[in-house]
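Asks: one predicted model, sequence on top.
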Protein chains: 2
Amino acid sequence: MYGRYTQELVLLSLNPVCVFFQMYGRYTQELGAYAKEEAARLREEGVRRPSVTERSRSLELLENDKGCCAKCRICTVRCQKFLISCVGEDWIFLILLGLFMALLSWLVDFGIGICLQSQKWMYVNLESNVFLQYLAWVTYPVVLITFSAGFTQLLAPQAVGSGIPEIKTILRGVVLKECLTFKTFVAKVIGLTSALGSGMPLGKESPFVHIASLGAALLCKFMSLFGGIYENESRNIELLSVACAVGVSCVFAAPIGGLLFSIEAMSTFFTVRNYWRGFFAATVTAFMYRVLAVWNRDEVTITALLPTNFRQDFPFDLQELPAFAVLGIASGLGGALFVCLNRQIVQLIRNQKTIKKFLMKKRLLYPALVTLLVSTLTFPPGFGQFMAAKLTQMESLETLLDNQTWSKQGIPEEFDSNSLSQAWKHPQVNVFVTLTLFVVMKFWMSALAMTMPVPCGAFMPVFVIGAAFGRLVGESMAAWFPDGVHSDGTIYPIEPGVYAAVGAAALSGAVTHTVSTAVVVFELTGQISHILPVMIAVILANAVAQSLQPSLYDSLIMIKKLPYLPELGWGHHEKYNICVEDIMIRDVMYITLNCCYRDLHDVLLTGHLKTLALLESSESMILLGSIERAQIQALLSLQLGRPRRLKYLRDRATAENNVCETSLSSTPTPSMKPLKPALKRPSVVDLLPLCFSPLSSLSSPGLQIAEWEENQLDEQVNFDNCMIDPAPIQLVESTSLHKTHTIFSLLGLDHAYVTSIGRLIGVVSLKELQKAIEGSVAVKGVNVRPPLASFRDSGTSGTIMNNENKARDLHKLWNRRKLMSLPQEHRGVSTPPPPTQYNPGNTTLR
Amino acid sequence: MYGRYTQELVLLSLNPVCVFFQMYGRYTQELGAYAKEEAARLREEGVRRPSVTERSRSLELLENDKGCCAKCRICTVRCQKFLISCVGEDWIFLILLGLFMALLSWLVDFGIGICLQSQKWMYVNLESNVFLQYLAWVTYPVVLITFSAGFTQLLAPQAVGSGIPEIKTILRGVVLKECLTFKTFVAKVIGLTSALGSGMPLGKESPFVHIASLGAALLCKFMSLFGGIYENESRNIELLSVACAVGVSCVFAAPIGGLLFSIEAMSTFFTVRNYWRGFFAATVTAFMYRVLAVWNRDEVTITALLPTNFRQDFPFDLQELPAFAVLGIASGLGGALFVCLNRQIVQLIRNQKTIKKFLMKKRLLYPALVTLLVSTLTFPPGFGQFMAAKLTQMESLETLLDNQTWSKQGIPEEFDSNSLSQAWKHPQVNVFVTLTLFVVMKFWMSALAMTMPVPCGAFMPVFVIGAAFGRLVGESMAAWFPDGVHSDGTIYPIEPGVYAAVGAAALSGAVTHTVSTAVVVFELTGQISHILPVMIAVILANAVAQSLQPSLYDSLIMIKKLPYLPELGWGHHEKYNICVEDIMIRDVMYITLNCCYRDLHDVLLTGHLKTLALLESSESMILLGSIERAQIQALLSLQLGRPRRLKYLRDRATAENNVCETSLSSTPTPSMKPLKPALKRPSVVDLLPLCFSPLSSLSSPGLQIAEWEENQLDEQVNFDNCMIDPAPIQLVESTSLHKTHTIFSLLGLDHAYVTSIGRLIGVVSLKELQKAIEGSVAVKGVNVRPPLASFRDSGTSGTIMNNENKARDLHKLWNRRKLMSLPQEHRGVSTPPPPTQYNPGNTTLR
């Protein structure tokens, strides 16, 4: 009270001055504004009060000791408040997140570097004995991968894999709590370091997106110790999308590319508020990441991660564009193939029951076997010599982006003897062969390695494969046109490195269904002069890949069966013509205001939605709100629960003869262990296992209890003290599928009620919507995602019947709709709405 | 019928084959999917039918002549259908838009080039006589600007100015129809060409965003001749945001920058669907724009628009970063100053009544005077020699981005004699002085020129000023550290051109409040190696400018008083604590199901919202829907209109004596001219001027009519055949301001009802929301936008009182809330919701 008092005093003492000034100075204009401002200030204080309850309580405590140190304390408290409000500012959070993630990324890089170096060291030092060399080359990654898989499995199994599918689902509104814990964080970081340290074709990018999100979530939790703002759920989800940008940025030092990637790959609707945040945090990260390299004396100054030296004055000829286009289209096909291959491998393992059984028992065997296979094939003195297996991922990328031409008219050129590009040169074999082998082998190896249960991504391997493929095309072009393709006098030789950059962007774009890989390439190489070829190739690759397969992340979402709403495709315009009416379920589970507890009970046993509609009455069907299932359960347990039961028994006991009084009052205490066979109403008990099972298990007054239960169930429900959502999202029957999709994805809905003038007529849930979207995709005749659909259907038995049912439902709906299309009166609506000329206003969800 | 029949026949004939195949092949997996697909196909056909009514009618006509040519016709019709569905694809539209806009941009450039060249030619050829030279130098732009202003004024006054504010408002959901007409298009293109041809410091970028949007809107209209999909309003608005990206892209050949600009500057929520579209269209535009230059032999191959040659291996030193940061902060201040200056000029002209009156009479005088002033000051032999006035905007930008150092230790270096940079060198005056003069003079000139009533933007002039300012800082740095700042042995001299690029990005970013200017700079110069300095400067400039002033476009929106919802700022976290309850209006205008026409009439006379709430009854307050004001007006006119009145009079006439029958039946015909003095109910008549004023003007049965009217008004309303929106957007009282803002901006709402368990308790409109957002900004004590607030308030008299009222309302609300905070029963809600533990589910709009 003291604290508040002084605050108001300050206000009072300041206000007359203000008013005076205002009246004297610019009275007419600003008094209104001033009053508004003050009102807002008052209001805001009031709003803030509950959130700082604890502090105001400490201020109230100060009232008691009105000594001289009280003022000091107030000062301290106020300073603290100021500091807290500073901490609440976004930019502090963003800087902290950026710095932290950059440091972490650098440390992970450092760890990976040490691992890879020690493998190389072993390999070089054992050159005398090929068998020992092979053993070292193979054992080392197997141990690392097995450790990674085991560690992740033990600590946090949800850290396995890419992580982007989970983050995508979380951003969609379905919070997967276990994906954002500290354990997952530790498991992911350590597992990733050891997995990448093994030299397998795995990527760092998508796990880092997950790690950054974990970092953001943990930082939010940490910051929430200081102020109330970090407790806001929707704000934290917004910050997750910022974290995605940070994650990409701290891997490639590509802030803009990271931001764009987070827009494309993560969201359906992007809040532009987050744009600024993402840009800021990503820049801080990229800056810090590169500065760490400078401080560590790896670099002289801040440059791109993989700077290239392509020709700038004449980056490419117009006549080269068809080659770039072909490269883009081929990359698109390759990307689709990669996604398909990856999924087929998972499917194969899942479907083969013997393999599955065997692997389920020995979880660590699978990654060990895969690693053994891959590392055997890449053993440099063995097959690895034909595919530059000596080089690490970053090294291969560096050599592929080289601006030298490796072969002239089919004859390999001389490389610098100490250049890394030496690895691509084989005494017997052409450069074209090594490149082709590299592309083919790495392709299936990456798709296979992706399926190991370790934290890993696919972006980087795909990027490298794309670069190699691009290089192959580029070298071919250089061999075909040794003097360049320009018809004028000047000779501009073809640079295969440009093709490598284009190929990398195109293939990774095709696999992830993003176009921002183009920007990542620019930022990674530090050159943007070849922007148009890169973008044309990326667009073509995307167009091809998107029409053949879902993106890698969507594919993973489907494999993992995460609850995610598919996106409306590009140009599927028939979705503009389907209405909610066509897809909604008309048979809605509901409860009415004047229902009895038995209805609640019955309703709980059926249906699957998380909430139930509350209607005024079953005649009027007016929707009053929705109630969560848990609330109804609570209502039931309140009515039939232990306290009331006890009371009833006591009342009964006093009313009956006093003989059995002692035995009854003592029974509740020992009856804590449930005796299931004696239960009369297993269904209710299943719902309320802890509340009244002990008591109903009393065998002697069992019948009376049952009678009492029946009576209780017939009573009318008292909805006081029950949490009702008074405004669940409502749609109109003529709301288009397009708009419905928008609303569902924007607001992260699980279901929405369909009403007609306040009367409930149906419900649409995520499932129906999903079905409708996929259905209408299939309608087009192109049959875009058949492998997927079959993949998912085969996952659980029984879905086939389900699908048939769905189809029957659709038929039924369709027939009903046809019948209904003209006369609509029989829906029980007093004012039948003409469906085509309805709601012309702005406010309708058409 | 014939057409449909054959279709179904085809289906039937195909299906067994399919089924057979399915049953034999992969029966278990795919039958369900197949059935689903077929159902969807059937459904979709049904849905499509109404949209192709005409064609199906033509097919039905074919049924009659069952000749052999019928099949041919069906074939033709089907081909036509196929073509139409192709045209409906997005990518055709996007390619067309891209190509068209690139061509247009190139043509406008061509026109501007011709204008500027002819001015230069005149200037050079008249070198003998300075007076004639001056006359030519000054007259030419005055004529062009006057023509531009006059032409725009005559053809389409809404083509004046930047156009981005209008597009922003349209994307917000408020459709300004007159901004998207063909007239505006023509006026904007021709006006822009002549305005920029005058050589005034005006920009091409923002008008081109408007032109591209116009192009998209017109193309949509054109395409809608072919298929139904282009009639979808929400889709067309989505395409507008794509058009913005195209607009920027075809000015700077910067597809990524354009896309990002369209995200940042245009939307509050960005639909990721549009990302792809924008990327594609922007790439097509940029490609076409540059290819046109190659075809026209301006360039050898596709390069950046203003390619630079900065050092790549060592782009900048870490120790230069503070200088870049200072440049960023100074640019931020400059940007805020620019926005403020521009607004002050407009304000000055508006407030000075004599100036305003004079200018309103002679609309063309103001631009002519401004042009005269600016061109006099830039006359090259006069003051212009000190500010490189000879150069056009693009030329100055080119020279500023030069990688030469212009001065070494204060002594100007020798330029190439035929280089454009010569213009910056003055025999008497230092380079620093010319640069400073250029910056200062161009600064106010641009701010002034922006206020002329011609189609013009400010981006390009601001960009050039920023580049000059950056160059100034860079030259100073170069003079200060002639050997570079690197402490090691190697000498890396400082490149002032990099500073120019950084300054350009920072200042333009500060004025427009975007960070994508950084990307525009990369794409414009074709170099990205200095990405971190640019981004740091842009971020700092944005942070400074955003805390001081609104963006230029927001400022223009405020000046033009467009209906736009301000955005929630960065880090204004108190908005997470305000609820709808605090800002809603509790005194809602409503009508009930059982109300009489008199209530409708009364309700129409008060209130301002476009729609009215329809309640079940005033006791239950259950919200059934909302009705548009126009609908109520229609209901009233139906009840009191001419036909019923005539009928009444006739009935009356037959009931009364037959003597006056003839006189009564003849009176309606001559009474078509309204006789106002005889009206009894002016208010009703005002609402329904055409319906029954002629009849109530009959003086002899006037009293009877009045009585009849009274009776009619007392009748109960029949809501059949009235268009009711059955699901207006509803919020809960505890919905946060943050969420409310999100919903309003996402769905483009005008108002939303606040309900508590189906009962209407308040309404929130755009106005309240606007007020609350600005109020809570003011609360922070930083008082972010005082000049704006005063600017807007001074616009119309009477708003002061209004503001006071608002403040009083807020006070009242606050007091009421304080009283109410604990006991909530008196709101007439039977189940009082505990405000803090409400709606825990996903579905609530918290």
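Replies: That came in fine, so what should we check first? Numbering: from 1, shown residues only, chains lettered A, B, ... in the order given.
Asks: count the neighbours of the residue nearest to residue A:384 when sequence neighbours are not counted for me.
Replies: On the basis of Cβ to Cβ, 6 or more residues apart in numbering or on different chains, the spatially nearest residue to residue A:384 that is not a chain neighbour turns out to be residue A:378, at 4.4 Å. Any C-beta I mention is one placed from the backbone N, CA and C, and that applies to glycine too. Neighbour count of residue A:378, defined by other Cβ atoms under 10 Å in any protein chain shown: 24.
Asks: how about the contacts made by residue A:378?
Replies: Each residue near residue A:378 by Cβ atoms under 8 Å, 6 or more residues apart in numbering or on different chains is listed here: A:384, A:387, A:389, A:441, A:445.
Asks: between these, which sits nearest residue B:345?
Replies: Among these, residue A:445 lies closest to residue B:345 (Cβ to Cβ), at 65.9 Å.
Asks: what helix or strand is the closest one located in?
Replies: According to DSSP states H and E, residue A:445 maps onto helix A:431-449.
Asks: next one: residue A:763
Replies: Using DSSP H and E, residue A:763 maps to strand A:759-765.
Asks: what does that strand contact?
Replies: A:580-581, A:583-586, A:588, A:590, A:609, A:613, A:615, A:620-623, A:731, A:733, A:740, A:750-755, A:827-829, B:726.
Asks: quick check on these: which are buried?
Replies: The neighbour count (16 or more other Cβ atoms under 10 Å in any protein chain shown) marks A:580-581, A:583-585, A:588, A:590, A:609, A:613, A:615, A:620-623, A:731, A:733, A:740, A:750-755, A:829, B:726 as buried among these.
Asks: now residue A:561: phi and psi?
Replies: Residue A:561 adopts backbone torsions of phi 50, psi 50, taken as degrees, to the nearest 10.
Asks: that one: how many residues sit nearby?
Replies: A total of 10 residues lie near residue A:561 under the criterion other Cβ under 10 Å.
Asks: and residue A:398, how far from residue B:599?
Replies: Distance of residue A:398 to residue B:599, given as Cβ to Cβ, to the nearest Å: 79 Å.
Asks: show me the longest helix that occurs in chain A.
Replies: helix A:90-125 (DSSP state H).
Asks: pull the distance from that one to the chain's centre.
Replies: Offset of helix A:90-125 from its chain centre (Cα atoms, centre = their mean, to the nearest Å): 24 Å.
Asks: got the phi/psi numbers for residue A:485?
Replies: Here is the backbone geometry of residue A:485 (degrees, to the nearest 10): phi -100, psi 0.
Asks: okay, now the nearest residue to it once chain neighbours are set aside: neighbour count?
Replies: By the measure of Cβ to Cβ, 6+ apart, the closest residue to residue A:485 outside its immediate chain neighbours is residue A:319, 4.5 Å from it. Using other Cβ under 10 Å, residue A:319 has 13 other residues around it.
Asks: then the one 5 residues further on?
Replies: By other Cβ under 10 Å, the residues close to residue A:324 number 27.
Asks: beyond whichever strand or helix holds it, next helix or strand please.
Replies: Assigned by DSSP H and E, residue A:324 belongs to helix A:321-351. Heading C-terminal from helix A:321-351, the first helix or strand you meet, by DSSP H and E, is helix A:353-361.
Asks: buried residues of that following helix, list them for me.
Replies: For helix A:353-361, a neighbour-count test (16+ other Cβ under 10 Å) marks residue A:359 as buried.
Asks: ok now that helix, how far from the chain's centre?
Replies: In terms of Cα atoms, centre = their mean, the centre of helix A:353-361 is set 29 Å apart from its chain centre.
Asks: so what does that helix touch, helix or strand wise?
Replies: helix A:321-351, helix A:365-377 (3 or more Cβ pairs under 8 Å, 6 or more residues apart in numbering or on different chains; DSSP states H and E).
Asks: restrict the shortest one to CA atoms and write it as CSV.
Replies: I take that to be helix A:365-377. Extracted as CSV, the C-alpha positions of helix A:365-377 are listed here (Å, rounded to 0.1, in the frame of the first residue of the first chain):
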residue,chain,number,x,y,z
LEU,A,365,22.9,-52.3,-34.3
TYR,A,366,21.1,-50.5,-37.1
PRO,A,367,23.2,-47.3,-37.0
ALA,A,368,26.3,-49.3,-36.5
LEU,A,369,25.6,-51.4,-39.5
VAL,A,370,24.8,-48.4,-41.7
THR,A,371,28.0,-46.7,-40.6
LEU,A,372,30.0,-49.8,-41.2
LEU,A,373,28.6,-50.0,-44.8
VAL,A,374,29.1,-46.3,-45.6
SER,A,375,32.6,-46.0,-44.1
THR,A,376,33.7,-49.2,-45.8
LEU,A,377,32.6,-47.9,-49.2
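Asks: roughly how far does the residue nearest to residue A:384 sit from residue A:391?
Replies: Residue A:378 is 10 Å from residue A:391, by Cβ to Cβ.
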